[in-house]
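Student: Here you go, sequence then predicted model.
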Amino acid sequence: MPRADTARDRILDAFQRVLISSGERAATLDAVAAAAGVSKGGLLYHFASKDALVDGLLERLDTFAAADDERMRSAPEGTVDYVIRTSVEEGSAFDEALIAVSRLAQGSHEKARTALAAVRARWETAIAAAVGDPAVARTIMLVSDGLYYNSTLLGAFETSDTRDGAMDELLAVLGRLTPASPGPAAAS
């Protein structure tokens, strides 16, 4: 999802980069301003405090999550296929926001934890609606979590790795877990 290149967006992009690369402690207003190529006064014009900067990042994540929810629910291959295939880190703006908010959640930011829980609830709700079984939806979420963990931390799984059809095989196994398909959003 392309964003307008505004000073506000550059500041949020810089905040994300600093959080991801160096952690919350390094993400001072001075460091973020320098990374964004703006003065501290320029940063403060858009975000009056670090808390306001965090709130801006959380709003960004929510916007990305809402757009992802729409794509997930309307995916031609189905919700489960979409979730599983996008469970590997892609380096998208949504991924970067998700990772940056995760870095905040590792610290003392309860708002970040709440935001991540809301994103996860969106995914699980969409999956449950697609498969018609909350236990299967939780299982699919755990598989999704494992894929993301492996791709993000270990670099071990890529959607482009079709040599052995691993992703298709995984989706076929998940498809066997689902009861009779309730509609086009079910696993294929």
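Tutor: In hand now; what should we look at?

Student: and the lengthiest helix in the chain, how far out from the chain's middle?
Tutor: With residue count as the measure and DSSP state H as the assignment, the chain has helix 50-74 as its longest helix. Averaging C-alpha positions (C-alpha atoms, centre = their mean, to the nearest Å) puts helix 50-74 9 Å from its chain's average.

Student: I would like the residues contacting it, please.
Tutor: 1, 8, 11-12, 15-16, 27-29, 32, 43, 46-47, 79, 82-83, 86, 93-94, 97-98, 100-101, 104, 109, 111-112, 115, 118-119, 122-123, 126, 129, 185 (C-beta atoms under 8 Å, 6 or more residues apart in numbering). For glycine as for every other residue, the C-beta is placed from the backbone atoms N, C-alpha and C.

Student: would you list every one of the helices in this protein?
Tutor: Going by DSSP H, the chain shows helices at 7-22, 29-36, 40-46, 50-74, 79-85, 93-106, 110-131, 134-149, 166-177.

Student: Pick the most buried one from those helices.
Tutor: Mean neighbour count (mean count of other C-beta atoms under 10 Å) peaks for helix 79-85 among the helices of the chain, with a mean of 24.

Student: Could you list every helix and strand in contact with that helix?
Tutor: The contact analysis (3 or more C-beta pairs under 8 Å, 6 or more residues apart in numbering; DSSP states H and E) places helix 79-85 against helix 50-74, helix 110-131, helix 134-149, helix 166-177.

Student: Can you lay out the helices of the chain as CSV showing mean pLDDT?
Tutor: Shown next, in CSV, are the helices of the chain (pLDDT from 0 to 100):
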stretch, mean pLDDT
helix 7-22, 95
helix 29-36, 97
helix 40-46, 96
helix 50-74, 96
helix 79-85, 91
helix 93-106, 92
helix 110-131, 95
helix 134-149, 90
helix 166-177, 85
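
Student: Provide a list of residues in contact with the residue sitting furthest away from the middle of the chain.
Tutor: Centroid-distance maximum for the chain: G41 at 30.4 Å, with C-alpha atoms, centre = their mean. For G41, no contacting residues are found, by C-beta under 8 Å, 6+ apart.

Student: Check the one 5 residues further on too.
Tutor: Under the criterion of C-beta under 8 Å, 6+ apart, the contact partners of H46 comprise 7-8, 11, 56.
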